[in-house]
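Engineer: Predicted model follows, preceded by the sequence.
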Amino acid sequence: MRLAQPRSFQWTRSEYYRLAETEMFQDRRVELLEGEIIEMPPQKNEHVVAVKLVEKELEALFGPRYFVRVQSPLDLGEESQPEPDVAVVTGSPRDYKSHPTTALLVVEISDSSLRLDRQRKRPIYARAGIADYWILNLIDRCLEVHRRPIADSSIKGGFRFGETTILTKRNFIAPLAMPKKRIVISDLLP
């Protein structure tokens, strides 16, 4: 007689929604990442302030033809539905009867979630073809810019970003979708 080995269970987006409907996640912040349900830590005030600063800067920069979504899901495949802190999509809120499947820019605000944002979310965003992924690193007070997703069969998930730049608070950045408009990094930091 052969005993089965322990294994983790991979959730799909539809199963994830069914669990949510049973109120299993009530009063919990969770995300579906590569079939795994991840509980997110509570947000410190510095994180909340940074989200608002990024939101306001991006709304001013992109203007009314774009929708700046805050802590809202992106449908990035059957097994991943991250909820980035800020994402910029084309159009207006009324254009989305369901969650967007891509974004022009995704920004994660990172303190306790830095490892998750680098190791788990970055490959998901690269595989989804998000061309511009920023991590506002509150620990090191910098902006990590990841751009130009490329296929790479040597890593899990098969995709990575081909370009990474670290910017300090004195630097500025122009989103790929708005190359003529700049943001000073210090304006994003609390």
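Structural biologist: Right, received. Where do you want to start?

Engineer: And the residue nearest to the spatial centre of the chain, how far from residue 108?
Structural biologist: The chain has residue 84 as the residue nearest its centroid, 3.3 Å off, counting by CA atoms, centre = their mean. Note on residue 84: its distance to residue 108, by CB to CB, to the nearest Å, is 6 Å. Backbone N, C-alpha and C define where each C-beta goes, glycine included.

Engineer: any shared contact partners between those two?
Structural biologist: Here residue 84 and residue 108 have residue 121 as joint contacts, going by CB atoms under 8 Å, 6 or more residues apart in numbering.

Engineer: moving C-terminal of the helix of greatest length in the chain, what's the next helix or strand?
Structural biologist: In the chain, with assignment by DSSP state H, the single longest helix is helix 45-62. Using DSSP states H and E, the helix or strand that follows helix 45-62 in sequence is strand 66-70.

Engineer: Sheet partners, orientation included, of that next one?
Structural biologist: Next to strand 66-70 in the sheet, as set by DSSP bridges, lie strand 86-90 (antiparallel).

Engineer: tell me the SS of the residue nearest to the centre of the chain?
Structural biologist: Here residue 84 takes the coil state, with states given by DSSP: H, G, I helix; E, B strand; the rest coil.

Engineer: gap between residue 190 and residue 109?
Structural biologist: With distances taken as CB to CB, residue 190 is found 9 Å from residue 109.

Engineer: who's more crowded, the two?
Structural biologist: Taking neighbours as other CB atoms under 10 Å, residue 190 and residue 109 compare with residue 109 leading, 29 against 16.
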